[in-house]
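Visitor: here are the coordinates; sequence isn't available:
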């Protein structure tokens with residue numbers, strides 16, 4: 001399982017997180033990933049391994065490269081983790097980072 005960026009004791013980069021959240025589709029993707037079971041079935045349960053990129057792409061109605069770019073930004077900010085299973089990449093929210101982000105915003109702004 002990928003290491004969460006929330007494991008690090010240093011403060012999160014709020015600027016990078018807000019930048020990642022500045023795009024409405026990226027925010028929508030994070031919202032969709034709250035309920036991985038709402039996506040079509042896949043070989044491995046989405047609740048365990050994350051949602052396959054192809055399902056996120058289909059729901060968003062965008063090309064694979066556009067969906068990949070959205071998720072790359074979210075991953076770079078630490079808001080999602082990825083996991084390769086065969087040729088497929090699956091994405092899940094990093095709830096620890098999201099919780100830390102919310103707490104840091106609450107206490108510092």
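Guide: Received it, and whenever you're ready, just let me know what you need. Everything quoted here is computed from the prediction, not taken from an experiment. Numbers count the residues shown, from 1 in each chain.
Visitor: and stretch 44-61, end to end?
Guide: One end of stretch 44-61 sits 23 Å from the other (Cα to Cα, to the nearest Å).
Visitor: what does it rub up against?
Guide: Stretch 44-61 has contacts (Cβ atoms under 8 Å, 6 or more residues apart in numbering) with 25, 28-29, 32-33, 36-37, 39-40, 42, 63-64, 66-68, 70-71, 81-83, 85, 88-92. (C-beta placed from N, C-alpha, C; glycine too.)
Visitor: which members of these are positioned in strands?
Guide: By the criterion of DSSP state E, membership of these in strands covers 81-83, 85, 88-92.
Visitor: what residue lies at the spatial centre of the chain?
Guide: Most central in the chain under Cα atoms, centre = their mean is residue 80, positioned 2.8 Å from the mean C-alpha point.
Visitor: was I right to think it contacts residue 30?
Guide: Yes: using Cβ atoms under 8 Å, residue 80 is in contact with residue 30, at 7.4 Å.
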